[in-house]
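> what follows is a protein structure lacking sequence information:
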């Protein structure tokens, strides 16, 4: 049986980790989207010297666990401290927070670039040809015709990636960051009551992701309504 009194006692403590969880998720999702869109656009060409390094990066980050990536960035690159100091990058890799941001950003960028690349390629080619016939440059047609349609189509799949990133922040606890899961592990080590603690932590993640799902559904409905009006 779950002890309700203990559950209510630990819930506020777990909530104190929500700001860091949202900060990790929000920053990595925003930076990852910018990088993902850049990589997706770069893959629209046929230049192998550009496409193949990107595909190698995507395959590496999609094919390995996020946990391993966090470990390699924080513990692995930390072994090259003299070189990083010479390059002025040690400030980044000595801090668990920035290492977690970097790992989460690169991971979501790899998945997001494939989502956006597929969405861009699914836009009917005739729309681009029509834009060119009207005298629009490639950049203008991407900005005003292709990308708006592609991003609208990508919302459901990219929404799943956002939810995965929110849950992925729980792995930041392995490098001493005290977000929701990190606080939960501390509470378990003190009380030895894993069930109540993890039920409370899971409830917090569930509520966060429910809000995200509702927000994305409202955004998709709004864009669909605007499209039908147009």
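Nice, thanks for sending it over. Fair warning: this is a prediction, and the values are worked out from it, not measured in the lab.
> which parts of the chain are helices?
For the chain, helices defined by DSSP state H occupy the ranges 4-15, 18-42, 48-63, 66-71, 81-86, 90-93, 96-121, 125-133, 138-141, 147-168, 180-191, 194-229.
> so which of those helices is nearest residue 174?
Proximity to residue 174, assessed across these by Cβ to Cβ, is greatest for helix 66-71 (6.6 Å). Heads up, the C-betas are built off the backbone N, CA and C, glycines and all.
> quick revisit: can I get the helices of the chain in TSV including distance to residue 174, mean neighbour count and mean pLDDT?
Listed next are the helices of the chain as TSV, based on distance: least, Cβ to Cβ, whole Å; neighbours: other Cβ atoms under 10 Å; pLDDT from 0 to 100:
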stretch	distance to residue 174	mean neighbour count	mean pLDDT
helix 4-15	18	14	88
helix 18-42	13	19	96
helix 48-63	18	13	93
helix 66-71	7	18	94
helix 81-86	20	12	81
helix 90-93	16	16	82
helix 96-121	9	22	95
helix 125-133	45	12	81
helix 138-141	43	13	82
helix 147-168	12	18	92
helix 180-191	9	19	92
helix 194-229	15	14	86
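> how near is residue 156 to residue 111?
Using Cβ to Cβ, to the nearest Å, we find residue 156 at a distance of 14 Å from residue 111.
> what's the answer for residue 120, then?
Residue 120 is 15 Å from residue 111, by Cβ to Cβ.
> can you pull the contacts of the residue lying closest to residue 183 once chain neighbours are set aside?
Distance criterion Cβ to Cβ, 6 or more residues apart in numbering; nearest residue to residue 183, sequence neighbours excluded, is residue 17 at 4.4 Å. By Cβ atoms under 8 Å, 6 or more residues apart in numbering, the contact list for residue 17 reads 178-184.
> same deal with residue 148?
Listed by Cβ under 8 Å, 6+ apart, residue 148 has no contact partners.
> kindly report the same for residue 121.
Contacts of residue 121 (Cβ under 8 Å, 6+ apart): residue 44.
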